[in-house]
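Colleague: Below are the sequence and a predicted model for it; my questions follow.
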Amino acid sequence: MADQLSLAFAALADPTRRAMLARLAEGRVGVSELAEPFLDSMSLPAVTKHVQVLERAGLVTKTREAQRRPCELNVEGLRDIADWVEPYRAMWEETFDRLDEYLKTVAAKQTAVKRSPKKEPPLKKQAASKKRAKRVAAKVKTTAKPQTTPKPKATTPKAAKRGKKDGRQK
């Protein structure tokens, strides 16, 4: 079974084959009809090879009706995949249920906090915070230096020695 399961997963790895299985889920269809949506991107022999891969994996069966070779979905091949996936699906479903419960409790706590009236801090704390704000403001005023505009400097060395700017008197 593990070998057949590996073939099934390998067959399902290709998007073209998955699209073929989706079409076959609608009902039995001939290879040429199955190939129609893919003929713009691949040849009929390429489509036939995809069908053969699905057939080897046990996902598709081909029958013979006169000159037609209709394909149909093999439910047993899909059942093997579903049986293998089931324990993982159950585990993830349980995990998501726990996550859902946790998110509901978090949301309930948040709405309870939003609805509760805001408590005012005690008067001592209010007075202390006002005093602290005044001290910080006073420190900012004393440490701030007034901004002064710098004096223009002489541009030539001789003018700088004489205290002149560009050879002119100040």
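Modeller: Cool, the structure landed.

Colleague: What segments of this protein are helices?
Modeller: 2-12, 15-24, 31-35, 44-56, 75-115, 123-143, 157-162 (DSSP state H).

Colleague: out of these, nearest to Arg68?
Modeller: helix 31-35 (8.6 Å; Cβ to Cβ). From N, CA and C alone the C-beta is placed, and that goes for glycine too.

Colleague: Relative to the whole chain's centre, how far out is that closest one?
Modeller: Remark: helix 31-35 is offset 37 Å from the chain centroid, using Cα atoms, centre = their mean, to the nearest Å.

Colleague: cool, stretch 24-31 as well?
Modeller: Chain-centre distance of stretch 24-31: 35 Å, with Cα atoms, centre = their mean.

Colleague: would you turn the helices of the chain into JSON lines with mean neighbour count and mean pLDDT?
Modeller: Below are those laid out as JSON lines (neighbours: other Cβ atoms under 10 Å; pLDDT from 0 to 100):
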{"stretch": "helix 2-12", "mean neighbour count": "15", "mean pLDDT": "87"}
{"stretch": "helix 15-24", "mean neighbour count": "16", "mean pLDDT": "94"}
{"stretch": "helix 31-35", "mean neighbour count": "17", "mean pLDDT": "90"}
{"stretch": "helix 44-56", "mean neighbour count": "16", "mean pLDDT": "94"}
{"stretch": "helix 75-115", "mean neighbour count": "11", "mean pLDDT": "88"}
{"stretch": "helix 123-143", "mean neighbour count": "10", "mean pLDDT": "70"}
{"stretch": "helix 157-162", "mean neighbour count": "11", "mean pLDDT": "62"}
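
Colleague: Can you check which of those gets nearest to Arg69?
Modeller: Short answer: helix 31-35, nearest of those by Cβ to Cβ, at 5.6 Å.

Colleague: right, and the helices of the chain - which one's nearest Gln67?
Modeller: Nearest of the helices of the chain to Gln67, taken as Cβ to Cβ: helix 31-35 at 10.8 Å.

Colleague: So what touches that closest one?
Modeller: Defining contact as Cβ atoms under 8 Å, 6 or more residues apart in numbering, one finds that helix 31-35 is touched by 20, 23-24, 44, 47-48, 51, 62, 69-71.

Colleague: try it again with 10 Å
Modeller: Under the criterion Cβ atoms under 10 Å, 6 or more residues apart in numbering, residues 19-20, 23-24, 29, 39, 42-48, 50-51, 60, 62, 68-71 lie in contact with helix 31-35.

Colleague: Can you show me the CA trace of that helix as PDB?
Modeller: Output in PDB follows, covering the C-alpha atoms of helix 31-35 (Å, rounded to 0.1, in the frame of the first residue of the first chain):
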ATOM      1  CA  VAL A  31      -9.400  10.500 -23.400                       C
ATOM      2  CA  SER A  32      -9.900  12.900 -26.300                       C
ATOM      3  CA  GLU A  33     -12.600  14.800 -24.400                       C
ATOM      4  CA  LEU A  34     -10.400  14.800 -21.300                       C
ATOM      5  CA  ALA A  35      -7.600  16.300 -23.500                       C
END
